[in-house]
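1. build me a structure from this.
(one chain, ligands or ions: 2)
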Amino acid sequence: MFSIQKWVMLPQLFAHASQKLTHHGQQFLPFSCLLCQQGLTSGVVCPTCSKDLTQAYCRCLRCGLPLPSTQGNCGHCLAHPPQYDRLLACGLFCPPLNQVVFQLKYAKQPLFAKILGQRLACEVQQQTDFNQLSAEPLPELLLPVPLHPQKEHQRGFNQAQLIAQHCSRQLDIPTETRAIKRVKNTQSQTQLTRQQRQHNMRRAFKPVGSLQGIKHLAIIDDIVTTGATVNSLTKVVKQAGVKRVDVWCICRTPTTPSLF
Ligand SMILES: [Zn+2]
Ligand SMILES: [Zn+2]
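-> Numbering: from 1, shown residues only. Ligands and ions are numbered 1, 2, ... in the order given. As a prediction, the model looks like this:
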């Protein structure tokens, strides 16, 4: 039997029980944020972390590098236009975006490709006014930058391919992984100058499949620095008959990133 004291205590007991339930509810939510481990009902990243991965800055519409004020083309692109038509980046090489790229690429945690692929798809939707009448045409195909087979074997996966697959699912654009092969096993480019990188990437890719009928595609990469790799790949793709080549990447950086 309840004593009068217990009746008086009831609201407090309920409050305590509900606190406990919330606590356990957090623990038993079906998913948790891959970045902060907070419980989630769906998805892979919580709204707070998702916001942290979003960067707003004025950028060159051609190469994606930051501009001091209004958007347009930077002086370098006006003087020396790159091979590709437009580069779209999620952001610059800074935390937490670069840390997620690091987790994927060097800590070999392919699960992080989902965060990046979905972030890239959202960025594309935002920057191309995806659902608007004025929306820019989207590519017919996504082409992840191929790794040399030896490098892919060593790493165990191609990070650009994993990012592309998740992006592909969200935007409903197919991914092509067999049309172009990397035939030159280039050394790490981090210590090379712009000229050395361009020389290094010369004849690095070779068409081995068909891109027939494709007029517009997007190359997918994790980090674009000088653009030597994506320019070299664009050249091969355009020689194969593709008219427009966009580059979609996670991080755009004017200088060689020092990871750690
Ligand atoms: Zn989180
Ligand atoms: Zn530019």
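2. how about low-confidence regions in the chain?
-> Across the chain, residues meeting the criterion (pLDDT under 70) sit at 1-28, 71, 131, 133-134, 256-260.
3. could you redo the last one with a cut-off of 80?
-> For the chain, the stretches flagged by pLDDT under 80 are 1-30, 70-71, 129-135, 186-200, 255-260.
4. in the stretch 151-260 of the chain, what residue comes closest to ligand 2?
-> With Cβ to the ion as the measure, the residue in the stretch 151-260 of the chain that lies nearest ligand 2 is residue 227; the distance is 9.4 Å. Where C-beta positions appear, they are placed from N, C-alpha and C, glycine not excepted.
5. and that residue, how many residues sit next to it?
-> Burial of residue 227, expressed as a neighbour count using other Cβ atoms under 10 Å, amounts to 24.
6. for residue 126, same thing?
-> So residue 126, with other Cβ under 10 Å, has 12 neighbours.
7. next one: residue 97
-> Residue 97 is surrounded by 22 other residues when neighbours are defined as other Cβ under 10 Å.
8. so the nearest residue to it once chain neighbours are set aside, which state does it fall into?
-> In space, and not counting its chain neighbours, residue 97 is closest to residue 91: 5.0 Å by Cβ to Cβ, 6 or more residues apart in numbering. With DSSP: H, G, I helix; E, B strand; the rest coil as the basis, the three-state label of residue 91 is strand.
9. touching, residue 207 and residue 238? I think so.
-> No - assessed by Cβ atoms under 8 Å, residue 207 is found out of contact with residue 238, at 11.0 Å.
10. tally of neighbours for the residue nearest to the residue of the stretch 151-260 of the chain closest to ligand 2 when sequence neighbours are not counted?
-> With Cβ to Cβ, 6+ apart as the criterion, residue 227 has its nearest non-adjacent residue at 5.7 Å, and that residue is residue 82. Summarising burial for residue 82: neighbours were counted as other Cβ under 10 Å, giving 17.
11. what distance do you get for residue 82 to ligand 2?
-> 8 Å (Cβ to the ion, to the nearest Å).
12. gap between whichever residue of the stretch 51-200 of the chain sits closest to ligand 1 and residue 36?
-> Among residues of the stretch 51-200 of the chain, the one nearest ligand 1 by Cβ to the ion turns out to be residue 52. It sits 8.1 Å away. From residue 52 over to residue 36 the distance is 9 Å, taken as Cβ to Cβ, to the nearest Å.
13. of the two, who's got more company?
-> Neighbours were counted for residue 52 and for residue 36 using other Cβ under 10 Å; residue 52 has more, 15 against 12.
14. enumerate the residues of the stretch 1-150 of the chain near ligand 1.
-> Proximity of the stretch 1-150 of the chain to ligand 1 is assessed by Cβ under 5 Å from the ion, with 33, 35-36, 46, 49 identified as the residues in range.
15. ok, 6 Å please
-> Residues of the stretch 1-150 of the chain that fall close to ligand 1, judged by Cβ under 6 Å from the ion: 33, 35-36, 38, 45-46, 48-49.
16. of those residues, buried ones?
-> Restricting these to buried positions leaves 33, 35, 45-46, 49, with burial counted as 16 or more other Cβ atoms under 10 Å.
17. appreciated, that's everything.
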